[in-house]
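In: Generate a structure from the sequence data that follows.
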Amino acid sequence: MTTSTMTLSKAINAGLRRSMENDDTVILMGEDIGKLGGVYRITEGLQESFGPRRVMDTPLAESGILGTAIGLAYAGYRPVCEIQFDGFIYPAFDQIVSQVARMHSRTRGAVTVPLTIRVPFGGGIGSAEHHSDSPEAYFTHTSGLRVVSVSNPNDAYWVIQEAVASNDPVLFFEPKRRYHVKGEVELDEAELDEVRPPMGAAHVLVEGTDVTLVTYGGLVQVALDAARAASADGISIEVIDLRSLSPLDFETVTRSVQKTGRIVITHEAAESGGLGAEVAAGITERAFYFLQHAPVRVTGFDIPFPPAKLEKYHLPDLDRILDGVDRALDRRNSLSELG
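Out: Predicted structure coming up:
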């Protein structure tokens, strides 16, 4: 098996390059993605390789980017749009939820919208509020969209290619705090087909018996750290990377909860109306009689994203996640201290 060590950002770049080499209808669009290579340099070198007609710098107008991409997808292209920062996606919200998500249904299946929307998201890098949002729940609530998030270079390389090849519109959320983390990327497609989870599947990263810990994106590494720390205290945590946020792979999560009897869900987004609420409700419906404790959520707070100096208090960290595990296990925790 051929492997290469690369960062998550370089893995996305390599995945986009491979998609463009395999399919001439794949085009990239976004603000400063051409000559500059994007603010995070994700598309660096691609305009040099494929030219400005396939890697296009656009005006600073997200609604215009998405509106143009819809027409290109309708005409047979496979556009990949970059939203420069998570908080800048809102000007394109109407195009995404009112047009992109509905086109296939509106035309009774006659038209597909093979469009990928890349969204750097989340905090952890000390940026301002409009550069640290976690808007994924808005789109998981919208039928007709696939929503995915990657947490490691290998997934980044393969899932971006699956997204581009999909005939469904895909929002591809990239955790900014993980861009520079390195990992092994397996490059042989034929060998991977039988072992690599597909785009819509969750992945059990660590098997455990006491608590199921579910997360995605930037918090996956924190969850893995929590599992290691808890093991020193004799607690066995099963860590699941959701990968697909819509649709959710409830089969994998349910199977885990039937084994552990307890579930903790953690994400950076606010608690109210967040993805954690959907996972908790879905597991309660599917595995109620296996649950030994109510589902626990460890999330960002229900406030606008705070100034950079305060984000460490806002984002779930190792201590808060382990406290959530203690709650699920009926061990002494922050809430019991209040009681």
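In: okay, now Asp23: neighbour count?
Out: Taking other C-beta atoms under 10 Å as the criterion, the count of residues near Asp23 is 15. For glycine as for every other residue, the C-beta is placed from the backbone atoms N, C-alpha and C.
In: thinking it is in contact with Arg78, fair?
Out: Yes - in this structure, Asp23 sits in contact with Arg78. The criterion is C-beta atoms under 8 Å, and the distance is 6.4 Å.
In: How confident was the prediction at the residue nearest the centre of the chain?
Out: Central residue check for the chain by C-alpha atoms, centre = their mean: the C-alpha nearest the mean position is that of Ser149, 1.7 Å away. With respect to pLDDT, Ser149 has a value of 98.
In: same deal with the one 10 residues further on?
Out: Confidence per residue is given as pLDDT, and for Val159 that number is 97.
In: returning to what we had before: tell me how far the residue nearest to the centre of the chain lies from Thr25.
Out: In this structure, Ser149 and Thr25 are 25 Å apart, going by C-beta to C-beta, to the nearest Å.
In: List the residues that contact Ser49.
Out: Neighbour list for Ser49: Arg17, Met20 [criterion: C-beta atoms under 8 Å, 6 or more residues apart in numbering].
In: Okay, and it sits in which element?
Out: Here Ser49, judged by DSSP states H and E, is contained in helix 46-50.
In: same thing with Leu171?
Out: strand 170-175.
In: So what touches that strand?
Out: Counting by C-beta under 8 Å, 6+ apart, the neighbours of strand 170-175 from elsewhere in the structure are 8, 12, 42, 96, 115-122, 124, 136, 139, 145-151, 156, 159-160, 163, 199, 217-218, 245.
In: filter those to the buried ones?
Out: The neighbour count (16 or more other C-beta atoms under 10 Å) marks 8, 12, 42, 96, 115-122, 124, 136, 139, 145-151, 156, 159-160, 163, 199, 217-218, 245 as buried among the contacts of strand 170-175.
In: Just to be sure, which of those residues are found in strands?
Out: Among the buried ones among the contacts of strand 170-175, the ones falling in strands (DSSP state E) are Thr116, Ile117, Arg118, Val119, Pro120, Phe121, Arg146, Val147, Val148, Ser149, Leu245.
In: Please tabulate the residues you listed in TSV, including the columns distance to Pro316.
Out: Formatted as TSV, the entries for those read as follows, by distance: C-beta to C-beta, whole Å:
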residue	distance to Pro316
Thr116	28
Ile117	25
Arg118	24
Val119	20
Pro120	19
Phe121	15
Arg146	25
Val147	20
Val148	21
Ser149	15
Leu245	17
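In: from the residues you listed, which two are the most distant?
Out: Longest distance between any two of those is 18.0 Å, between Pro120 and Arg146; criterion C-beta to C-beta.
In: For Leu36, grab the count of nearby residues.
Out: By the other C-beta under 10 Å criterion, the neighbourhood of Leu36 contains 13 residues.
In: ok, it - contacts?
Out: Remark: with contacts taken as C-beta under 8 Å, 6+ apart, Leu36 is in contact with nothing.
In: so how far is Arg177 from it?
Out: Between Leu36 and Arg177 the computed distance is 21 Å (C-beta to C-beta).
In: got any ranges where the stretch 151-300 of the chain has weak pLDDT?
Out: Regions of the stretch 151-300 of the chain meeting the criterion pLDDT under 70 cover residues 190-195.
In: for it, what spans make up the strands?
Out: Per DSSP state E, counting those that start in this stretch, the stretch 151-300 of the chain has strands spanning 170-175, 182-186, 203-206, 211-215, 237-241, 244-246, 263-270, 296-300. These are given in chain order.
In: circling back to that earlier point, may I see the buried residues of the strand holding Leu171?
Out: Taking 16+ other C-beta under 10 Å as the neighbour-count basis, strand 170-175 is seen to contain the buried residues Val170, Leu171, Phe172, Phe173, Glu174, Pro175.
In: Turn these into a markdown table, columns for distance to Pro306.
Out: Compiled in a markdown table, those are given as follows (distance: C-beta to C-beta, whole Å):
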| residue | distance to Pro306 |
| --- | --- |
| Val170 | 30 |
| Leu171 | 25 |
| Phe172 | 26 |
| Phe173 | 21 |
| Glu174 | 22 |
| Pro175 | 18 |
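In: Of those, which is the nearest to Arg18?
Out: Compare each of the buried residues of strand 170-175 with Arg18 using C-beta to C-beta and the shortest gap goes to Phe172, at 15.0 Å.
In: Where do the domain boundaries of the chain fall?
Out: 3-192, 203-338 (automatic domain parsing).
In: from the middle of its chain, how far away would the last one be?
Out: Domain 203-338 has its C-alpha centroid displaced from the chain centroid by 16 Å (C-alpha atoms, centre = their mean, to the nearest Å).
In: Quickly list what the residue nearest to Val204 when sequence neighbours are not counted is bridged to.
Out: Using C-beta to C-beta, 6 or more residues apart in numbering and skipping residues adjacent in sequence, the residue nearest Val204 is Ile240, 5.5 Å away. Residues found in beta-bridge contact with Ile240 (criterion: DSSP bridges) are Val204, Val214.
In: Can you verify my assumption that Ile240 contacts Thr252?
Out: Yes - counting by C-beta under 8 Å, a contact exists between Ile240 and Thr252, whose distance comes to 6.5 Å.
In: In PDB, list the C-alpha atoms belonging to stretch 35-43.
Out: Coordinates of each C-alpha in stretch 35-43 appear next as PDB, following Å, rounded to 0.1, in the frame of the first residue of the first chain:
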ATOM      1  CA  LYS A  35      -2.900  33.200  -7.500                       C
ATOM      2  CA  LEU A  36      -2.800  33.300  -3.700                       C
ATOM      3  CA  GLY A  37      -3.900  29.700  -3.200                       C
ATOM      4  CA  GLY A  38      -6.600  30.700  -0.600                       C
ATOM      5  CA  VAL A  39      -6.100  32.300   2.800                       C
ATOM      6  CA  TYR A  40      -5.200  28.900   4.200                       C
ATOM      7  CA  ARG A  41      -3.300  27.900   1.000                       C
ATOM      8  CA  ILE A  42      -5.600  24.900   0.400                       C
ATOM      9  CA  THR A  43      -5.600  25.400  -3.300                       C
END
